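In: Got a predicted model here, sequence first, then my questions.
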Amino acid sequence: MTTATLAAQSGGEDFADMRRRIRAIFIGSIGNLVEWYDFYAYAAFALYFAGAFFPSSDPVVQQLNAALLFAAGFLVRPLGGWLFGYLADHHGRRGALMLSVSLMCFGSLMIAVTPTYASIGVYAPMLLAVARIIQGLSLGGEYGTSATYLTEMADQRNRGFYSSFQYVTLIGGQICALLVLLVLQKIFLTNDEIRAWGWRIPFFIGALLALVALYMRRTLHETGAFEAAKQTVKKTSSLRALMRYPREVLLVVGLTAGGTAAFYTYTTYMQKFLKLSVGLTDDQTTIVTLSALFFGMALQPIYGAISDRIGRKWLLIAFGVTGVLFTIPLLTTLQNVRGPFAAFLLIAAAWMIVSGYTSINAVVKAELFPTNIRAIGVGLPYALTVSIFGGTTDSVALWFKSLGHENWFYYYLTGMIGISLVVYVFMRDTKADSAMHRHE
């Protein structure tokens, strides 16, 4: 056989392998988008359906009750991180990914069809709570499992780039939820119609999309890393195995704390901030929020590709340093602007900082752990940290605002990023020293 023939065959195999990787990463990412769309549709439409489940003459009380159930979805995420991490590490990434999107489908469908308080009384909010808990379990499992799957399917040279699509689709899910709200508001329904029955539409859409994602995920290949580990690693308790890596677990907590607080500040809380503190109209708030999310989404693969060239650690340090230096000036200036374009530019600047964390946090965590505990190692400590520091961002910010000291939140966020910066400085660069090919 000639050298040219061998080269041609090798090139064909490389191309086929690349196509297989891209297809697997695309399907895995699309499922992640659907999961986050379903989860955030609740937040986007809570204003309209709160009265249907929580009878009260005070709309603030209704929103508070709805917000408490939103928080409940975060509280059960660590349980989802443990459960799905165990399944992914013991029985395969593919099965865990299919189960997580199935649960999200069921939770969304429950919300879509649950009768109102006027029809079944106290059972209505109880069923809504069950649906949110199911969604929280699903999302808690999705992060660790999808981060592990995307990282293991990517080739070593472009691992940062490919794994960045987890946050591309995560942000994309939020964008889709807001776009559905905008389309219903501006084109198809009046506010009264959305409040009466239209709020059910996004949850039907979410359940349908989850079924599509489930159908697509059924064709996913299991990762080579899991198959190799299955042949060589003796099965043991995931938690017991994880306890052998206390440093790595603490690293996940430390590198996540500041990043997740910043991420939720510029996503879920920013809508409230633009309305209540900046003073933009409802339409301006929606447009600025959507535009900033699109900008942030576009940055993720760029930063991921940069990490493949210069390493993960330097990108994380850049996020930490710029976050500590510019968070207070950015938010202080944003609070005092009055135009939507100026607000967008400032939030875009914030995204240029935060993307140093969001684009690569999944791959960094996956590179910390060996194959046999990677899913639970990524998912469980991350879910715990997000529940404590990410899910509480809105509450902390609004509490400081209620005290008349909104700027204290700026210092709180800066402090959280500063804590993570210390971790970034002293951690190893996982690109150069990765556990990706270790089975223990």
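Out: Yep, it's here. Bear in mind that the values here come from a model prediction, so they are computed numbers and not experimental data.
In: Just give me the residue right at the centre of this structure.
Out: Taking C-alpha atoms, centre = their mean, the centroid of the chain lies closest to residue 170, which sits 4.8 Å from it.
In: before we move on, what SS does the closest residue to that one other than its chain neighbours have?
Out: Leaving aside its sequence neighbours, residue 170 sits nearest to residue 36 (C-beta to C-beta, 6 or more residues apart in numbering; 5.0 Å). Just so you know, the C-beta spots here come from the backbone N, C-alpha and C atoms, and that holds for glycine as well. At residue 36 the chain is in helix, as set by DSSP: H, G, I helix; E, B strand; the rest coil.
In: dump the residue contacts of residue 36.
Out: 139, 169, 170, 172, 173, 174 (C-beta atoms under 8 Å, 6 or more residues apart in numbering).
In: try residue 182
Out: For residue 182, the contact set (C-beta under 8 Å, 6+ apart) comprises 286, 290.
In: And it, how far from residue 38?
Out: 18 Å (C-beta to C-beta, to the nearest Å).
In: Residue 429 now?
Out: 35 Å.
In: Pick out whichever of these two has more residues nearby.
Out: residue 38 (29 against 18; other C-beta atoms under 10 Å).
In: returning to what we had before: now for the contacts of residue 36: which two are most distant?
Out: 139 and 172 (14.8 Å; C-beta to C-beta).
In: Between these two, which is the more surrounded one?
Out: Shown here are residue 139 and residue 172; by other C-beta under 10 Å, residue 139 has more neighbours (28 against 22).
In: mind checking pLDDT for the residue lying closest to residue 131 once chain neighbours are set aside?
Out: Sequence neighbours aside, residue 110 is the residue nearest to residue 131 in space, at 3.8 Å (criterion: C-beta to C-beta, 6+ apart). Per-residue pLDDT puts residue 110 at 93.
In: going forward, begin numbering at 22 instead of 1
Out: In the new count, where the first residue is 22, that last one comes out as residue 131.
In: thinking residue 131 is in contact with residue 151, fair?
Out: Yes: Residue 131 lies in contact with residue 151 (C-beta atoms under 8 Å); the separation is 7.0 Å.
In: just checking, what packs against the particular helix or strand that has residue 420 in it?
Out: Using DSSP states H and E, residue 420 maps to helix 414-423. Counting by 3 or more C-beta pairs under 8 Å, 6 or more residues apart in numbering; DSSP states H and E, the packing neighbours recorded for helix 414-423 are helix 267-286, helix 289-294, helix 428-447.
In: which of the residues in it are buried?
Out: By neighbour count on 16 or more other C-beta atoms under 10 Å, the buried set for helix 414-423 is 414, 415, 417, 418, 419, 421, 422.
In: quick check, nearest of these to residue 316?
Out: So of the buried residues of helix 414-423, ranked by how close each gets to residue 316 (C-beta to C-beta), first place is residue 414, at 20.0 Å.
In: contacting residues around that closest one?
Out: Contacts for residue 414 (C-beta under 8 Å, 6+ apart) come out as 282, 285, 286, 289, 290.
In: Now it. Nearest residue, chain neighbours left out?
Out: Leaving aside its sequence neighbours, residue 414 sits nearest to residue 285 (C-beta to C-beta, 6+ apart; 4.0 Å).
In: Verify the contact between that neighbour and residue 406 for me.
Out: No: Residue 285 is beyond contact range of residue 406, at 11.8 Å (criterion: C-beta under 8 Å).
In: Can you check the distance spanned by stretch 443-451, start to finish?
Out: For stretch 443-451, the first-to-last residue distance is 16 Å (C-alpha to C-alpha, to the nearest Å).
In: that older thread, quick check: which of the helices and strands packed on helix 414-423 is nearest to residue 209?
Out: Nearest to residue 209, of all those, is helix 289-294, at 21.7 Å by C-beta to C-beta.
In: mind listing what's buried in that closest one?
Out: Buried, per 16+ other C-beta under 10 Å, within helix 289-294: 289, 290, 291, 292, 294.
In: elements contacting it?
Out: Judged by 3+ C-beta pairs under 8 Å, 6+ apart, the packing partners of helix 289-294 are helix 303-331, helix 414-423.
In: The residue nearest to residue 152: neighbouring residues, count only.
Out: Number of residues near residue 131 (other C-beta under 10 Å) recorded here: 18.
In: gap between it and residue 145?
Out: Distance from residue 131 to residue 145, by C-beta to C-beta: 11 Å.
In: export the contacts of residue 414 to TSV and tack on distance to residue 170 and pLDDT?
Out: Listed next are the contacts of residue 414 as TSV, based on distance: C-beta to C-beta, whole Å; pLDDT from 0 to 100:
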residue	distance to residue 170	pLDDT
282	26	94
285	24	89
286	28	92
289	26	81
290	30	85
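In: Between those, which sits nearest residue 68?
Out: Taking the contacts of residue 414 together and measuring to residue 68 by C-beta to C-beta, the closest member is residue 289, at 13.7 Å.
In: distance of the closest one from residue 316?
Out: With C-beta to C-beta as the criterion, residue 289 and residue 316 are 17 Å apart.
In: can you check residue 281 too?
Out: 20 Å.
In: Show me the two of the contacts of residue 414 that sit farthest apart.
Out: Farthest pair in the contacts of residue 414 (C-beta to C-beta) is 282 and 289. Separation: 11.4 Å.
In: I figured residue 327 was touching residue 336, is that so?
Out: Yes: Residue 327 is within contact range of residue 336, at 6.4 Å (criterion: C-beta under 8 Å).
In: Start from the N-terminal end of the stretch 22-171 of the chain and give the helices.
Out: With DSSP state H, counting those that start in this stretch as the criterion, the stretch 22-171 of the chain has helices at 24-74, 80-96, 98-112, 114-134, 138-141, 144-174.
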